[in-house]
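> Have a look at this fold, sequence not included:
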Ligand code: MN
């Protein structure tokens, strides 16, 4: 077994002016990094982390888990030192999900909410666990995976490079077989498209990984493109694959789609038939409009009822998109995508990453509180962190 083709694509998406994602696609090293921090600091952070990986990936001493950990520790050190030294980028950070291929093994190093997947036999397996507030709430049973999907605070990470001199890195090994396709991506992909779409777009473009990467970026933009989108693909092929002789191609065929190249021959073995997109159910336009307006009306009535009750009576503790702990008045839900039922009434200097996981579990328990109890809970942690050296 050996490393086959690889490809990457990145895009700012449709809502952001800057692209704060960075990636590495330099076989045998692959990574995505999603920068955190306003005013372009996120770009600096993810760029520094990616550069550290490129500079140091050749250092081949020690066992593999140690090497992967050391690579990411070095990336963390560079981001940490820069943000500590430069007020303009103070507080910046970045996620990093990296893969190192050595022999028959793929090693993953992971911090944050970017993800690694393995695609095998037309199924998508998530290899990494998100280090995010919402993922913690799901793991502790406070939120269902469905509730997490549209959650307003789904992008708040609980572990990142750059916030501390040392970082806790998840490192592990993944077994592979010929035909496996690995996907690294930032949350700008996974919050905008579902697993079925990732599989369908990848399957359609399995013979051209660059086209597959671009197709995923397009799908994320179709889904809203609310965040920067980055996709890195690499595949594992059999040792003998490059020596297989191809049948002579017929002259004069104008059907490019049918032309097999070396990679097609490999993937045909492993890739199941491309799934047909589900047939669309047709409704008459008039019935559809009537149905839609009825649904919209019910949604508005329900939402107003909840909003009136919720906005006046409840508070909860959460975190702003930049990671700062905050007290919100209202209900911790979004309706219809971007319509909020809450507003921040207090943003703390405290950041979610400064708390331990048990502390976060207590603070962000997602329950509704009175205003005074929400403030008291946040102040308690502010004092603790403020008093510690
Ligand atoms: Mn992102």
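Thanks, I have it. Remember, predicted model here, so these are calculated numbers, not experimental data.
> Let me know the helix or strand that residue 143 is in.
Under the criterion DSSP states H and E, no helix or strand holds residue 143.
> per-residue pLDDT, the residue nearest to the spatial centre of the chain?
Of all residues in the chain, the one closest to the mean position by Cα atoms, centre = their mean is residue 187, 2.5 Å from it. Predicted confidence (pLDDT) for residue 187: 95.
> Repeat that for residue 122.
Looking at residue 122, its pLDDT reads 91.
> can you check residue 174 too?
96.
> mind checking how far the residue nearest to the centre of the chain is from residue 8?
16 Å (Cβ to Cβ, to the nearest Å). For the C-beta atoms, the positions are set from N, CA and C on the backbone; glycine is no exception.
> quick revisit: so the residue nearest to the centre of the chain versus residue 99, what's the distance?
17 Å.
> try residue 62
18 Å.
> quick one, which of those two is more surrounded?
A count of neighbours by other Cβ atoms under 10 Å puts residue 99 above the other of residue 62 and residue 99, at 24 against 10.
> what are the ranges of the strands in the stretch 251-389 of the chain?
All strands of the stretch 251-389 of the chain, identified by DSSP state E, counting those that start in this stretch, fall at 315-319, 324-335, 339-351.
> winner for burial among those?
strand 315-319 (a mean of 23; mean count of other Cβ atoms under 10 Å).
> tell me the angle of that strand relative to strand 339-351?
Angle between the axes of strand 315-319 and strand 339-351 is 60 degrees (criterion: axes from the mean of the first three to the mean of the last three Cα atoms, to 10 degrees).
> tell me the mean pLDDT over strand 315-319?
Mean predicted lDDT for strand 315-319 stands at 86.
> Please apply the same query to stretch 353-367.
pLDDT averaged over stretch 353-367 gives 79.
> For it, which residues meet the burial criterion?
Across stretch 353-367, burial judged by 16 or more other Cβ atoms under 10 Å covers 353, 354, 355, 360, 363, 364, 366.
> and if you look at stretch 135-144?
Neighbour counts over stretch 135-144 (16+ other Cβ under 10 Å) mark 135, 136, 137, 138, 142, 143 as buried.
> Looking at those residues, spot the one nearest the ion.
Taking Cβ to the ion as the measure, residue 135 is the one of the buried residues of stretch 135-144 closest to the ion, at 14.1 Å.
> tell me the SS of that closest one?
helix (DSSP: H, G, I helix; E, B strand; the rest coil).
> Can you give the distance of the host helix or strand of residue 125 from its chain's centre?
Assigned by DSSP H and E, residue 125 belongs to strand 123-126. How far strand 123-126 lies from its chain's middle: 14 Å, per Cα atoms, centre = their mean, to the nearest Å.
> Okay, now the unreliable bits of the stretch 151-300 of the chain?
Where the stretch 151-300 of the chain drops to pLDDT under 70, the residues are 241-283.
> residues in it within reach of the ion, list them.
186, 187, 188, 227 (Cβ under 5 Å from the ion).
> Mind telling me what element residue 118 is part of?
Using DSSP H and E, residue 118 sits within strand 115-120.
> Check what contacts that strand and list those residues.
Residues from elsewhere that reach strand 115-120 (Cβ atoms under 8 Å, 6 or more residues apart in numbering): 97, 99, 108, 110, 124-128, 130, 174, 176-177, 179-185, 187, 190, 198-199, 202, 270.
> Identify the residue of the stretch 251-389 of the chain closest to the ion, quick one.
Relative to the ion, the nearest point of the stretch 251-389 of the chain is residue 321 (9.8 Å; Cβ to the ion).
> how about the nearest residue to that residue once chain neighbours are set aside, phi and psi?
Nearest non-adjacent residue to residue 321, counting by Cβ to Cβ, 6 or more residues apart in numbering: residue 155, 5.9 Å away. Residue 155 adopts backbone torsions of phi -90, psi 10, taken as degrees, to the nearest 10.
> For the stretch 151-300 of the chain, just list every one of the helices.
Applying DSSP state H, counting those that start in this stretch to the stretch 151-300 of the chain gives helices spanning 187-190, 195-204, 209-222, 262-270, 285-313.
> With respect to residue 343, which of those lies nearest?
The closest of these to residue 343 is helix 285-313. By Cβ to Cβ, the value is 8.3 Å.
> I'd like the distance from the closest one to the chain centre, please.
Distance of helix 285-313 from its chain centroid, counting by Cα atoms, centre = their mean, is 31 Å.
> so what secondary structure elements neighbour that helix?
Contact here means 3 or more Cβ pairs under 8 Å, 6 or more residues apart in numbering; DSSP states H and E; on that basis helix 285-313 packs against strand 324-335, strand 339-351.
> Adding distance to the ion, write those out as TSV.
Listed next are these as TSV, based on distance: least, Cβ to the ion, whole Å:
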stretch	distance to the ion
strand 324-335	17
strand 339-351	17
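> Show me the one of those strands that comes nearest residue 31.
Comparing the helices and strands packed on helix 285-313 by Cβ to Cβ, strand 339-351 comes nearest, at 23.9 Å.
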